[in-house]
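Visitor: Give me a 3D structure for the following:
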Amino acid sequence: MHSCLAITARRNGIRLIICFAAVLWISNLGADSLWLDEAVSVQRANLGFGELLQTVYGVGTNPPLHYIVLWGGVRLFGSSEFSVRLPSALCALATLLLVYRIGSRLYNRRVATLAALLATLSSYQLYFAQEARAYTLLAMLSLFSLYYFYRLLTEAKWPLVVGYILSSSLMLYAHPYAPFIIIMQNIYIVFIWLANSQDTRLNWKKWIPMQLVVLAAFLPWLSRMFRKVSQLQSRPLSITEPFWVDIPGVFKAYAGDNTLLGLYMILLTGLATISVVRWKRIKEGIKKRGPAGDFIRTAQFRSTSFLVLWLLAPILIPFTISKISSPIFFTRYTVAASYACYLLVARGICCITNKTLRRTTTAILLIGLTATLIQHSLQTDREPWRNATRHIEKNALPGEPVVFYARYCQVPYDYYAARKDLATFGIPLKGPSQQVDDRTLKELSERIQGYPRIWVVFSHSWRNEKKIIDYLRQSYDMAEQIDYYEIRICQFGPKAETPH
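Guide: Residues are numbered from 1 along each chain as shown. I've put the predicted structure just below:
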């Protein structure tokens, strides 16, 4: 009777968690302005379907699936901040249910429910659930792929094969980090085969054809991906080379950008990892010279090693590539790995045998995550283009130039702009978007010639700000400077006459 009540409580628990997450993530979707990357996504989603695919394939860095989803959403629900962010929130909610399903299969419902709660309270997940970008889509499809993959290890059913191929193929079209999940799966299945495990039904004769089908589905984008990789040597991404401290920094991000909670999660992840090691059993196996597979075949070891690989592959593989080649490592890109972290942390908590210590550990973690969540909701971490645009349109005179550096920062301004009587343009007019040389300054001079007042908006590129301001001060005086988060607006007016 007690067992039945506990199971019912946990099932109701995940329902309550998903309802709570829905309120938390959806109720405030339109509060913040769209920032640059979101505005670019919406701009592309407003193109015709053919033009969208041509644009993404021609100049885009990311695969097209997110843009296609957003394209459909814009036509169904419009392009307001709430509407364009809603698909991300829905993907995040679906991911919570998948975390619960995977956790229940790997361990039990207690671990699964706690992991879902940790993800819900993480401001890291809140941020992506309220952003019109591909991260929650990547996470959802990654968990679908991992869920079907793990089930296929013990269940040879065609619906699972179809589910795996479909989710994995779509995942590869969601984000450039998706292949690391496929690599992780291949490492794990080879590990199982080498252990001579007899209870897996997924042999190489079944696995390799499935991988070939997924690869074939990805071929239309594969050539574009290789072309982009080759371009990274001459035109690297605006990502700095990572340091070794960035690896534990990933846990800090998963914990809501809190250093102490990040260390706490590392300790609990380590506890979950070493808890599967039965030192006495290993010692006895060494004495008897038994096969290593006897230990590897245990269900807990296989479950935990699955999570450890899932956690580390999207972190260590791009980190290693970044150290030996062009930097591609970025913490937000590892979002799919964060759910493995929450499952390991939940498992680590449940491994604590002392009830008081276990409850205390859980309380500290939940209170800490809640505190960071509240702190996150009270601060601005997206560029307030709505307010910046409103300030310019309220104070600018008809026909006045509004200059954007870097030039792509005009995209979020255009999203909010209502006035059509201002001369808006970005610099440089041609060439690299952040380059400022004599030709750029000459183009700027020609475009603003004859205007007594001009507006200059700086965002996302500050290295040439002083150079541009010093050049403008040769002909103008700075009348006003307004600073928003990651945005600076400078108004220049007529130069004051020097008294004789």
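
Visitor: need the strands for this structure, in chain order.
Guide: If you assign secondary structure with DSSP state E, the strands in the chain sit at 401-405, 423-426, 454-458, 476-484, 487-494.

Visitor: nearest to Pro64, of those?
Guide: Among these, the nearest to Pro64 by CB to CB is strand 423-426 (25.0 Å). In short, each C-beta sits where N, CA and C put it, glycine included.

Visitor: Show me what that closest one is packed up against.
Guide: Applying 3 or more CB pairs under 8 Å, 6 or more residues apart in numbering; DSSP states H and E, we find strand 423-426 packed against strand 401-405, helix 410-416.

Visitor: Apply 6 Å and report the result again.
Guide: Using 3 or more CB pairs under 6 Å, 6 or more residues apart in numbering; DSSP states H and E as the contact criterion, the secondary-structure elements in contact with strand 423-426 are strand 401-405.

Visitor: how about the strands of the chain in TSV, adding mean pLDDT and distance to Thr304?
Guide: Putting the strands of the chain into TSV (pLDDT from 0 to 100; distance: least, CB to CB, whole Å) gives the following:
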stretch	mean pLDDT	distance to Thr304
strand 401-405	94	50
strand 423-426	94	51
strand 454-458	95	49
strand 476-484	93	46
strand 487-494	94	46
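
Visitor: tell me the pLDDT at Tyr67?
Guide: The predicted structure scores Tyr67 at 96 on the pLDDT scale.

Visitor: Redo the strands of the chain as a markdown table? Include distance to Val308 and mean neighbour count.
Guide: Output for these, formatted as a markdown table (distance: least, CB to CB, whole Å; neighbours: other CB atoms under 10 Å):
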| stretch | distance to Val308 | mean neighbour count |
| --- | --- | --- |
| strand 401-405 | 45 | 23 |
| strand 423-426 | 46 | 17 |
| strand 454-458 | 44 | 22 |
| strand 476-484 | 42 | 14 |
| strand 487-494 | 41 | 19 |
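
Visitor: Low-confidence stretches in the stretch 51-200 of the chain?
Guide: 196-199 (pLDDT under 70).

Visitor: give me that answer again for 90
Guide: Counting by pLDDT under 90, the stretch 51-200 of the chain contains low-confidence residues at 55-62, 154-156, 191-200.

Visitor: With the stretch 301-450 of the chain instead?
Guide: Along the stretch 301-450 of the chain, the parts satisfying pLDDT under 90 run over 301-302, 325-328, 376-381, 406-407, 427-440, 443.

Visitor: Mind giving me the packing neighbours of the lengthiest helix in the chain?
Guide: Counting by DSSP state H, the longest helix found in the chain is helix 204-231. The elements that helix 204-231 packs onto, with contact taken as 3+ CB pairs under 6 Å, 6+ apart, are helix 158-172.

Visitor: Just give me how far the helix it packs on sits from the chain centre.
Guide: Taking CA atoms, centre = their mean, to the nearest Å, one finds the center of helix 158-172 at 22 Å from the center of the full chain.

Visitor: could you dump the strands of the chain to a markdown table with distance to Leu268?
Guide: Putting those into a markdown table (distance: least, CB to CB, whole Å) gives the following:
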| stretch | distance to Leu268 |
| --- | --- |
| strand 401-405 | 45 |
| strand 423-426 | 47 |
| strand 454-458 | 43 |
| strand 476-484 | 38 |
| strand 487-494 | 39 |
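
Visitor: for those, which one sits closest to Pro209?
Guide: When these are ranked by proximity to Pro209 (CB to CB), strand 423-426 comes first, at 49.7 Å.

Visitor: Just checking: what are the partner strands of that closest one?
Guide: Counting by DSSP bridges, the strands paired with strand 423-426 are strand 401-405 (parallel).

Visitor: just the angle between the strand it pairs with and strand 454-458, please?
Guide: Angular relation of strand 401-405 and strand 454-458 on a 0 to 180 degree scale: 20 degrees, by axes from the mean of the first three to the mean of the last three CA atoms, to 10 degrees.

Visitor: how about strand 401-405 as CSV, C-alpha atoms only?
Guide: Below are the C-alpha coordinates for strand 401-405, written out as CSV (Å, rounded to 0.1, in the frame of the first residue of the first chain):
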residue,chain,number,x,y,z
PRO,A,401,20.6,59.5,-39.8
VAL,A,402,20.8,56.6,-37.3
VAL,A,403,24.1,54.7,-37.7
PHE,A,404,24.6,51.2,-36.4
TYR,A,405,28.0,49.7,-35.5
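
Visitor: relative to strand 487-494, how tilted is that strand?
Guide: With the same axes, to 10 degrees as the basis, strand 401-405 and strand 487-494 are set at 140 degrees to each other.
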